[in-house]
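A.B. asks: no sequence on this one, just coordinates:
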């Protein structure tokens, strides 16, 4: 689907992300958005989460790219989920548009997945490659993960931006590269703590064994909270 096609995909008002129920009263899936700059490891995070969670949970993925289905095709090639559980949105514009400003195409994709393969426990919505200002509409997702990497510069946490400062979880990826790019991990940790006001931060390398474990733990905690929400 393509965000520019307004006639094909009109704005839909069904249920907001604040309501944990579908219109028929059944429980809907928890929706978690993943944002971050190009190359930071968003798709790798999604793939790793799918591999870790797919045996015990019913989950699906919506990816966003501007003019391609590249991220969805990566997930399909790596068989992280059955094909019917992965769908792509071609935003046709700045990724902010589709995840924060006009969420209609993403919301349509989320709802269609729940109708087609539901009931679902979890839907991951991956933003297209973006900058430090990327945030998700509360009408689309229930929680947000923001992924940065040490190769992008150890000053990123200090520079802040809505993605770094307000995401429910900040993931600092590719810590294994720190010695090669001169990144000060201790300084990044101090800056992140100062910017985030107590919100959690995970330092990891997703390519290492067990690297996604702290992110999985955080997602499981959000699922547990969601299960008991009135």
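C.D. replies: Right, received. Where do you want to start? For clarity, every value in this text was computed on a predicted model and none was experimentally measured. Numbers count the residues shown, from 1 in each chain.
A.B. asks: contacts and neighbour counts: CA atoms only from here.
C.D. replies: Noted.
A.B. asks: where do the strands of this protein begin and end?
C.D. replies: Residue ranges of the strands in the chain, as given by DSSP state E, are 30-35, 59-65, 86-90, 122-126, 143-149, 169-173, 201-203.
A.B. asks: take those strands and write them to CSV, including mean neighbour count and distance to residue 135.
C.D. replies: Shown next, in CSV, are the strands of the chain (neighbours: other C-alpha atoms under 10 Å; distance: least, C-alpha to C-alpha, whole Å):
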stretch, mean neighbour count, distance to residue 135
strand 30-35, 26, 7
strand 59-65, 26, 14
strand 86-90, 23, 17
strand 122-126, 25, 11
strand 143-149, 25, 8
strand 169-173, 26, 12
strand 201-203, 19, 17
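A.B. asks: those: which one's closest to residue 50?
C.D. replies: strand 59-65 (7.7 Å; C-alpha to C-alpha).
A.B. asks: list the contacts of stretch 193-204.
C.D. replies: Residues outside stretch 193-204 that contact it (C-alpha atoms under 8 Å, 6 or more residues apart in numbering) are 157-158, 160, 164-176, 192, 211-212, 214-215.
A.B. asks: ok, and for that stretch, which residues are buried?
C.D. replies: Neighbour-count burial for stretch 193-204 flags 193, 195, 196, 201, 202, 203, 204 (criterion: 16 or more other C-alpha atoms under 10 Å).
A.B. asks: most widely separated two among those?
C.D. replies: Pairwise across those, and taking C-alpha to C-alpha, the largest span is found between 195 and 204, at 18.9 Å.
A.B. asks: so where's the chain uncertain?
C.D. replies: Within the chain, the ranges that satisfy pLDDT under 70 run 1-18, 66-68, 93, 95.
A.B. asks: mind listing what the spatially most central residue of it touches?
C.D. replies: In the chain, the centroid-proximal residue (C-alpha atoms, centre = their mean) is residue 34; its distance is 1.7 Å. Contact analysis of residue 34 by C-alpha under 8 Å, 6+ apart lists 42, 124, 125, 126, 127, 144, 145, 146, 147.
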